[in-house]
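Sharing a model prediction with you, sequence too.
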Amino acid sequence: MFPVVTSRISLARALEHNRQALTVLCHHGRLPPGPAPLVEQISQRVFVIADMPSEAHDHRLVFFHAGEDSTFCAMHTTPGFPTLRVVDHPLVQHKLTLLRDRTTPTKIFKELVDEIATLMAYEATSDLALEAAEVETPLETTIGHRVMGKKLTLVPILRAGLGMVEGICRLVPSARVGHIGLYRDHETLEPVDYYFKIPGDAAERDFFLLDPMLATGGSAAAAVTSLKRAGATRIRFLCLVAAPDGVRRLERAHPDVQVFCAALDRQLNEHGYILPGLGDAGDRLFGTR
Ligand code: PRP
Ligand code: URA
């Protein structure tokens, strides 16, 4: 059982007793200071944001693991957005600019989404845990490494998330693929779900939820809720363009979900479109504009 953390003192005690489990996911980000630790239970995990004056870094995000086996660990985040990682690799930024261009035709748009997804997956998989594996080369036997645990599962949010699947499968060809069908109601901007299918052993898998756009955050938050309801506990959200409102909404609903994007844009317009954005990702990807 994980310890009950109700104050800074009991948090410090918990850290003393369970430091090994905690160090797996200790995270040094710029998190807002608060008068008391924020403690929330999410499935098997206890999520804690706390000021830790005894530590080298002031503000820390800590996951109590309760014995859970995770392959994800800490990541660098964006100031003010503790769950967000902007992938600022020059190739990603170059391709994203082409993607934003209103004159980019469907064929090129599709290729760019695919390529950016590959590059983002490279970043988002950089901390997957490895295990030693014996391998016989033509000359001798040696010890190599392979990714630990069950196969990574990709879950595109239909439709536009489909455009990111192949690019990631190129790096992780053994990945399983689930699907979540959601569309945004044009009036309310709230998500309406119509399909859900993922592998059965969800609790044992790492999930990458895919959608090029994180606008109001309604679709992403609903998709994560559905994944968790089906047993998933280790989820990352990969998108291309995010709006501040969407990142915050997803963070409020699911503070344990790390978000990777190629750009954090300025704002939403009155129709819930991201500015400057790239328009309607599904329409541009499938030529239905
Ligand atoms: C788009 C996009 C996201 C959603 C983001 O899909 O692909 O799923 O909007 O908006 P939100 O963050 O405000 O929820 P859309 O609803 O247009 O469906 P489609 O992919 O079928 O076109
Ligand atoms: N969905 C899109 O496809 N684009 C946006 O800008 C917002 C939601």
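Perfect, I can see it now. None of these values were measured; they are calculated from a predicted model. Residues are numbered from 1 along each chain as shown. Ligands and ions are numbered 1, 2, ... in the order given.

Closest approach to ligand 2 from the stretch 51-200 of the chain, which residue is it?
Ala160 (6.1 Å; CB to the nearest ligand atom). C-beta coordinates here come from the backbone N, C-alpha and C atoms, glycine included.

can I assume that residue is in contact with Met213?
Yes: assessed by CB atoms under 8 Å, Ala160 is found in contact with Met213 at 6.6 Å.

Find the residues that touch each one of those two.
When contacts are counted by CB atoms under 8 Å, 6 or more residues apart in numbering, Ala160 and Met213 are jointly contacted by Ala281.

residue contacts, the closest residue to Leu162 other than its chain neighbours?
Sequence neighbours aside, Pro156 is the residue nearest to Leu162 in space, at 4.9 Å (criterion: CB to CB, 6 or more residues apart in numbering). With contacts defined as CB under 8 Å, 6+ apart, Pro156 is in contact with Leu162, Gly163, Met164, Val165, Val177, His179, Ile180, Leu210, Asp211.

The third one: what secondary structure?
Yep, that's Met164 we're talking about. Secondary structure, DSSP: H, G, I helix; E, B strand; the rest coil: Met164 is helix.

from the stretch 101-250 of the chain, which residue is nearest to ligand 2?
Checking the stretch 101-250 of the chain residue by residue against ligand 2 with CB to the nearest ligand atom singles out Ala215 as nearest, at 3.6 Å.

Verify the stated contact: that residue with His271.
No: with contacts counted by CB under 8 Å, Ala215 stays clear of His271, the gap being 9.7 Å.

Tell me which of the two has more neighbours.
Remark: of Ala215 and His271, Ala215 carries more neighbours, 26 against 8, as counted by other CB atoms under 10 Å.

now the nearest residue to Arg234 once chain neighbours are set aside: how far from ligand 1?
The spatial neighbour of Arg234 that comes closest, neighbours along the chain excluded (CB to CB, 6+ apart), is Asp206 at 4.7 Å. Taking CB to the nearest ligand atom, to the nearest Å as the measure, Asp206 and ligand 1 are separated by 21 Å.

Asp206: neighbour count?
Under the neighbour criterion other CB under 10 Å, Asp206 is assigned a count of 23.

Please apply the same query to Gly282.
Other residues within reach of Gly282, judged by other CB under 10 Å, total 21.

Could I get the contacting residues of it?
With contacts defined as CB under 8 Å, 6+ apart, Gly282 is in contact with Arg159, Ala160, Thr288.

make it 10 Å
157-163, 183-184, 211-213, 288-289 (CB atoms under 10 Å, 6 or more residues apart in numbering).

Tell me the one of the residues you listed nearest His145?
Gly161 (29.8 Å; CB to CB).

ok so the closest one is a helix residue?
Yes: using three-state DSSP, the secondary structure at Gly161 is a helix.

Let me know whether it touches Leu214 as I believe.
No: look at Gly161 against Leu214 with CB atoms under 10 Å: they stay out of range, at 11.2 Å.
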